[in-house]
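Asks: generate a structure from the sequence data that follows.
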Amino acid sequence: MPLALRPLSLRTVTLGCKVNQYETQLVRDGLVGSGYRDAAEGEAADLCVVNTCTVTAEGDAKSRQTIRRLAKRNPDARIVVMGCYATRAPEEVATLPGVVEVVTDKREIPDLLGRFGVIDIPTGISHFSGHRRAFVKVQDGCLLRCSFCIIPTVRPNMASRPVQYILDEVRRLVDNGYREIVLTGIHLGHYGVDFNQGRPKRDWVRLADLVRQITDLEGDFRIRLSSIEATEVTRELIAVMAERPDRVCPHLHISMQSGSDAVLIRMRRRWGSRRYIDRCRLFQDAIPQPAITTDIIVGFPGETEADFEATCEVAREVGFSKIHIFPFSPRRGTPAAEMAHQVPPQTKADRVRRLAALETELRDRYFESLLGRRLRVLIESRSPSQSGLMPGTSCRYAPVELPGDLNLIGHFVDVTAGVVANGRIMADSVAPIQYVQLTHG
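Replies: Model (predicted):
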């Protein structure tokens, strides 16, 4: 084929959060719809798009390494860099090899696509490459000023997507075979805040309203909510989850960061530990055996042994099924990076180890509480071993393994939780795939 007629090849790389993964897919959908094709394994691409992260200094370093590696392996490629690192340090990014364009604001994505020949600018995605679960971004921007976080600096503009755009996108994804839709945002619980300014309260649109409208769509799918703040676990949201257990996963990732009130104040969080526990209890009282996962920062400046023990005590009281543990890493440009009484690395490492041991204990205890319960599992891939078992994810975010074959991938299967082993639930029995009576799984 003459070079002028050869479809241009594309390679995309994403670092960071679910929102970044969604935004990369949006760019990819636009380019592929305009004639680009994904570069084959080992093929040098004509265009590379890198979506970067800047949550930590390590995120910056990984972004730079990725760009340099792409430039080396795709020597004639034009490299476009977007994402939070590109927003925070555009001049620095522009000096990296192969970079022809730096996108500093995600609102520029339509203009970016237009410059690369895309005429029909997508308002949403239709596929989510490499995944069985599709992420749907419903909101962008954060107005909070937690003392450890750089994100409000690089994503300060609050913007909720129109409900109709989201409903149309979910319909397309479900029609294309995606069975789990994960709603995500930079500050998911603030969905609708920008819409509601100046409106009478009776006309407000909140996250609970959006979830309710999505649950009314037809199709065999379920919704999962990504990270949310404790104050945004509202009675209205819980009510929707309780009313539609066939549609909304009984799982919330409620960010905690610390269980010490003294540390929470220095973090500039908006609640104390008691209020956090109360919101978790509200959720647990309304939903049968829900999963609660969280983030915890270990070794925040000034954290004492008593502060750390307070965090462990809250974790025990809530009964988390998973904890994402982050040793505090000073982020230049945030108040926490300049705070006195930085915790020594060896102390942080010891506390990470102890919290990880507690997480394993709490996870197994929660998984054991599910034994004998009917769970609905989405089979996402084949087992890396030749065990004849298929791995999947239950509504309660517990990893499950069950007997089956490749025909199950991308489908729901109803199972009975049989035994806990190696950090996952082994299915004791499997219902036929035609089983349609949905449960609280």
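Asks: let me know the next secondary structure element after the helix ranked longest in the chain.
Replies: Taking DSSP state H as the criterion, the chain has its longest helix at helix 345-369. Once the chain leaves helix 345-369, the next helix or strand it forms, by DSSP states H and E, is strand 374-379.
Asks: who are the packing partners of the helix or strand just after that following strand?
Replies: Using DSSP H and E, the helix or strand that follows strand 374-379 towards the C-terminus is strand 389-394. If contacts are counted by 3 or more Cβ pairs under 8 Å, 6 or more residues apart in numbering; DSSP states H and E, strand 389-394 sits against strand 374-379, strand 399-403, strand 424-430. C-beta: built from backbone N, CA, C; applies to glycine.
Asks: and if we set it to 10 Å?
Replies: Contacts defined by 3 or more Cβ pairs under 10 Å, 6 or more residues apart in numbering; DSSP states H and E place strand 389-394 against strand 374-379, strand 399-403, strand 412-421, strand 424-430.
Asks: most packed of those strands?
Replies: Comparing the helices and strands packed on strand 389-394 by mean neighbour count (mean count of other Cβ atoms under 10 Å), strand 374-379 ranks first with a mean of 24.
Asks: now the angle between strand 399-403 and that strand, please.
Replies: Strand 374-379 and strand 399-403 are oriented at 90 degrees to each other (axes from the mean of the first three to the mean of the last three Cα atoms, to 10 degrees).
Asks: pull up the pairing partners for strand 374-379, direction included.
Replies: Taking DSSP bridges as the criterion, strand 374-379 forms sheet pairs with strand 389-394 (antiparallel), strand 412-421 (antiparallel).
Asks: check which helix or strand L31 maps to.
Replies: Using DSSP H and E, L31 sits in helix 18-33.
Asks: so which bits of that helix are buried?
Replies: Neighbour counts over helix 18-33 (16 or more other Cβ atoms under 10 Å) mark 18-32 as buried.
Asks: cool, and stretch 89-109?
Replies: Applying 16+ other Cβ under 10 Å to stretch 89-109 flags 89, 93, 96, 98-99, 101-104, 106, 109 as buried.
Asks: and stretch 344-355, by the same measure?
Replies: 348, 351-352, 355.
Asks: quick one: contacts of that stretch?
Replies: 296-300, 303, 305, 307-309, 311-312, 315, 323, 325-329, 342-343 (Cβ atoms under 10 Å, 6 or more residues apart in numbering).
Asks: now the buried members of the residues you listed.
Replies: Using 16+ other Cβ under 10 Å, the buried ones in these are 296-300, 303, 307-308, 311-312, 315, 323, 325-329, 342-343.
Asks: from the buried residues of stretch 89-109, which is closest to I151?
Replies: K106 (12.5 Å; Cβ to Cβ).
Asks: from R37, how far off is that closest one?
Replies: The gap separating K106 from R37 is 25 Å, by Cβ to Cβ, to the nearest Å.
Asks: over to R274?
Replies: 55 Å.
Asks: more neighbours: the two, which one.
Replies: R37 (14 against 9; other Cβ atoms under 10 Å).
Asks: quick one: contacts for that one?
Replies: 6-10, 31, 45-46.
Asks: correct me if wrong: S381 contacts P391.
Replies: Yes: contact between S381 and P391 holds when scored by Cβ atoms under 10 Å: they sit 6.2 Å apart.
Asks: which one's more surrounded, these two?
Replies: P391 (19 against 13).
Asks: does that one touch R382 like I think?
Replies: Yes: the pair P391 and R382 passes the contact test of Cβ under 10 Å, sitting 8.1 Å apart.
Asks: give the residues shared as contacts by the two.
Replies: Contacts common to P391 and R382, judged by Cβ under 10 Å, 6+ apart, are G404.
Asks: who touches the worst-scoring helix or strand of the chain on mean pLDDT?
Replies: In the chain, no helix or strand scores lower on mean pLDDT, DSSP states H and E than strand 424-430, which sits at a mean of 84. Strand 424-430 has contacts (Cβ under 10 Å, 6+ apart) with 363, 367-368, 370-375, 377, 389-392, 394, 396, 398-404, 408, 413-420.
Asks: in this structure, which spans are helices?
Replies: Using DSSP H, the helices of the chain run over 18-33, 57-73, 84-88, 90-94, 109-115, 151-154, 163-175, 193-196, 207-215, 235-243, 261-267, 273-286, 305-318, 345-369.
Asks: out of those helices, which one sits most buried?
Replies: By mean count of other Cβ under 10 Å, the helices of the chain have helix 84-88 as the most buried, with a mean of 24.
Asks: which strands or helices does that helix pack on?
Replies: Helix 84-88 packs on strand 47-52, helix 57-73, helix 90-94, strand 99-102, helix 151-154, going by 3+ Cβ pairs under 10 Å, 6+ apart.
Asks: what's the closest of these to Q164?
Replies: strand 47-52 (25.9 Å).
Asks: so can I have CSV of the strands paired with strand 374-379 showing distance to A134 and mean pLDDT?
Replies: Shown next, in CSV, are the strands paired with strand 374-379 (distance: least, Cβ to Cβ, whole Å; pLDDT from 0 to 100):
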stretch, distance to A134, mean pLDDT
strand 389-394, 13, 92
strand 412-421, 15, 94
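Asks: would you reformat the ones you listed as TSV and include distance to Q213?
Replies: Below are the strands paired with strand 374-379 laid out as TSV (distance: least, Cβ to Cβ, whole Å):
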stretch	distance to Q213
strand 389-394	24
strand 412-421	22
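Asks: with respect to V81, which of the ones you listed lies nearest?
Replies: Closest among the strands paired with strand 374-379, using Cβ to Cβ: strand 389-394, at 32.0 Å.
Asks: centre of the chain versus that closest one, how much separation?
Replies: 19 Å (Cα atoms, centre = their mean, to the nearest Å).
Asks: between strand 424-430 and that strand, find me the angle.
Replies: Strand 389-394 runs at 100 degrees relative to strand 424-430, counting by the same axes, to 10 degrees.
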